[in-house]
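> output the structure for:
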Amino acid sequence: MIATRDIGRIAGEAMLKRNYKGQQIRELHGSCDLSMSEAVVLIGKAIDKPNLSYIQQTEEEARKEMRMHGYSEHIIGLVLETTRALNTKHIRMLEQRSFKNTSSTSFETFINEVFIPQYEKEAQI
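Residues are numbered from 1 along each chain as shown. Predicted coordinates:
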């Protein structure tokens, strides 16, 4: 997982430096490797729900949930295709983690500075 501000900062730096030619793909890693279960534990601690846990749904359960929330069949198909590709490692990082491709924002910082304010805002609605 990587913070969008880190992606923006790194992309902006590359554009200012202009140290690339043509199209270039640059893999970026978040500050550390986290499973979905580990991420949910950190979120649960931050929102005072220490028993919060990650539950992976079947594709059919996910499809049903997305339909209930008004997603189109086209978008549902794309989401499930992407999820399937990530789960089967068809989409994966090719570069080993290094200082050059690892971002600086920790998941805990993201939770505190981005997630919690939005979570609290939504809780007031």
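> how many other residues sit next to Phe107?
Around Phe107 there are 20 other residues, counting by other C-beta atoms under 10 Å. Glycine gets a C-beta too; all of them are placed from N, C-alpha and C.
> tell me who's in contact with it.
Under the criterion of C-beta atoms under 8 Å, 6 or more residues apart in numbering, the contact list for Phe107 reads 1, 30-32, 34, 39, 42.
> what's the separation between it and Val41?
Separation of Phe107 from Val41 (C-beta to C-beta, to the nearest Å): 11 Å.
> sorry, back to before: buried subset of the contacts of Phe107, written for PyMOL?
Only the buried entries of the contacts of Phe107 go into this PyMOL selection, using 16 or more other C-beta atoms under 10 Å:
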select buried, resi 30+31+42
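> between the contacts of Phe107, which is closest to Asn101?
Using C-beta to C-beta, Gly30 is the member of these that lies nearest Asn101, at 10.3 Å.
> report pLDDT for Phe15.
Wrong residue type there; residue 15 is Met, not Phe. At Met15, the predicted lDDT confidence score is 89.
> actually Leu94, not the one I wrote
Reading off the confidence values, Leu94 has pLDDT 93.
> is it true that Leu80 touches Glu59?
Yes: because the distance of 5.4 Å satisfies C-beta atoms under 8 Å, Leu80 is recorded as touching Glu59.
> could you look up the SS state of the residue of the chain most remote from its centre?
Summary for the chain: using C-alpha atoms, centre = their mean, the residue whose C-alpha lies farthest from the chain's mean C-alpha position is Lys21, with a distance of 28.3 Å. Taking DSSP: H, G, I helix; E, B strand; the rest coil as the rule, one finds Lys21 in the coil state.
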